[in-house]
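Novice: structure for this input, please:
(one chain, ligands or ions: 1)
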Amino acid sequence: MVKKLRKAVLPVAGLGTRFLPATKAMAKEMLPVVDRPLIQYAVDEARAAGIEQFCMITGRGKIALVEHFDVAYELEATLKQRGRDAELETLRAAQLSPGDIVTVRQQVPLGLGHAIWCARAFIGDDPFAILLPDDLILSDTPCTQQLADAYYQTGGSVVAVCEVPPDQTNKYGILKVGRDDGRLVEVTGLVEKPRPEDAPSNLSIIGRYVLLPDVIEHLARMERGAGNEVQLTDGMARMIGNTPFHGLRYSGTRFDCGDKVGFLEAQIAFALQRPEMAAQVRGFLRKYQDA
Ligand code: UTP
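Specialist: Numbers count the residues shown, from 1 in each chain. Below is the predicted model of the structure:
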């Protein structure tokens with residue numbers, strides 16, 4: 001019997017160096033796209049896929065992320081007093097029930113694999129999703145829902161994948177591919193940031209995963225990989241052959257909000273989804289077209 005997917009881990013302990021100085025005193029995951037911080041998009045996407053419990057892996061200077069999911073009693077009382085019902089509703093929709101979100105401090109950012117290992121008590125024996133909030137995905141069916149469906153279908157781990165330019169494999173976790181039905185891909189190997197000449201394919205993992213809990217025992221070896229970090233990719237690679245492992249060519253558009261240009265593109269794409277501002281945004285885009 002395949003266990004129900006109820007848990008998600010949100011690693012947010014990175015330093016966000018590409019966004020300095022904006023991220024000196026503020027977490028990268030609090031950067032807003034239109035009017036919602038990146039972390040909120042990740043939580044909303046996961047909830048839409050039936051996830052009920054969250055674990056944020058945090059570090060120094062990340063308190064705002066914790067505050068964001070707390071009840072802001074005075075603010076809510078003031079909004080209520082002023083009859084600002086719409087804003088109040090926005091706040092309440094963003095909130096999680098007491099006890100549904102926990103935080104764990106990573107203490108030292110030793111890599112994504114180490115961050116996930118820090119959630120081991122939360123994960124226990126259950127399957128879990130991972131969402132990297134700086135990957136923002138615009139899609140009809142939330143990406144985590146697409147992964148959850150594939151998890152229930154295969155009974156094993158599933159990672160979201162997309163094709164990257166062959167000369168850029170050294171930036172990503174890359175799949176070695178077995179059977180491929182055009183959407184679901186059997187994974188026979190995984191390599192973190194291979195040089196283009198060594199890359200087994202140009203199919204790259206993006207920041208959405210559903211994993212079986214066995215990954216924790218592999219991460220516990222604390223082996224250093226690319227960039228001298230404990231890589232999640234290496235831990236996942238050790239699972240292959242023991243339990244089913246697939247890549248899913250998700251449908252949707254992904255924006256790399258950890259990168260400045262990707263972040264700006266996300267602002268435009270998400271603003272164009274909003275009926276109250278789409279026309280205005282289209283207007284100013286025309287203004288800058290030939291600038
Ligand atoms: P990134 O590679 O984007 O690193 O991490 P970063 O520190 O966030 O940003 P830059 O590259 O310095 O600008 C991918 C994800 O893994 C998390 C990050 O928070 C991000 O969600 N992460 C990374 C951790 O939680 N801990 C780590 O030790 C490393």
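Novice: list the contacts of the residue nearest to residue 224 when sequence neighbours are not counted.
Specialist: Spatial nearest neighbour of residue 224, chain neighbours left out: residue 230 (6.3 Å); criterion: CB to CB, 6 or more residues apart in numbering. Where you see a C-beta, it was placed from the backbone N, CA and C, and this is true even at glycine. With contacts taken as CB atoms under 8 Å, 6 or more residues apart in numbering, residue 230 has the following neighbours: 110-114, 117, 219, 222-224.
Novice: dump the residues you listed to a markdown table, plus neighbour count and pLDDT.
Specialist: Formatted as a markdown table, the entries for these read as follows, by neighbours: other CB atoms under 10 Å; pLDDT from 0 to 100:
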| residue | neighbour count | pLDDT |
| --- | --- | --- |
| 110 | 17 | 94 |
| 111 | 27 | 95 |
| 112 | 24 | 96 |
| 113 | 27 | 97 |
| 114 | 23 | 97 |
| 117 | 24 | 98 |
| 219 | 25 | 97 |
| 222 | 12 | 94 |
| 223 | 13 | 92 |
| 224 | 14 | 94 |
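Novice: gap between the residue nearest to residue 224 and residue 284?
Specialist: Distance check for residue 230 against residue 284: by CB to CB, to the nearest Å, it reads 44 Å.
Novice: now stretch 126-141: average pLDDT?
Specialist: Mean pLDDT, stretch 126-141: 97.
Novice: and it, does that touch the ligand?
Specialist: Yes. In terms of CB under 6 Å from any ligand atom, part of stretch 126-141 sits within range of the ligand, namely 132, 134.
Novice: so for the residue nearest to residue 224, what's the pLDDT?
Specialist: At residue 230, pLDDT is 95.
Novice: so which residues on the stretch 1-150 of the chain come close to the ligand?
Specialist: Checking the stretch 1-150 of the chain against the ligand by CB under 6 Å from any ligand atom, the hits are 11-18, 28, 57, 106, 109-112, 114-115, 132, 134.
Novice: any of those buried? List them.
Specialist: Among those, the ones that count as buried by 16 or more other CB atoms under 10 Å are 11-14, 16, 18, 28, 57, 106, 109-112, 114-115, 132, 134.
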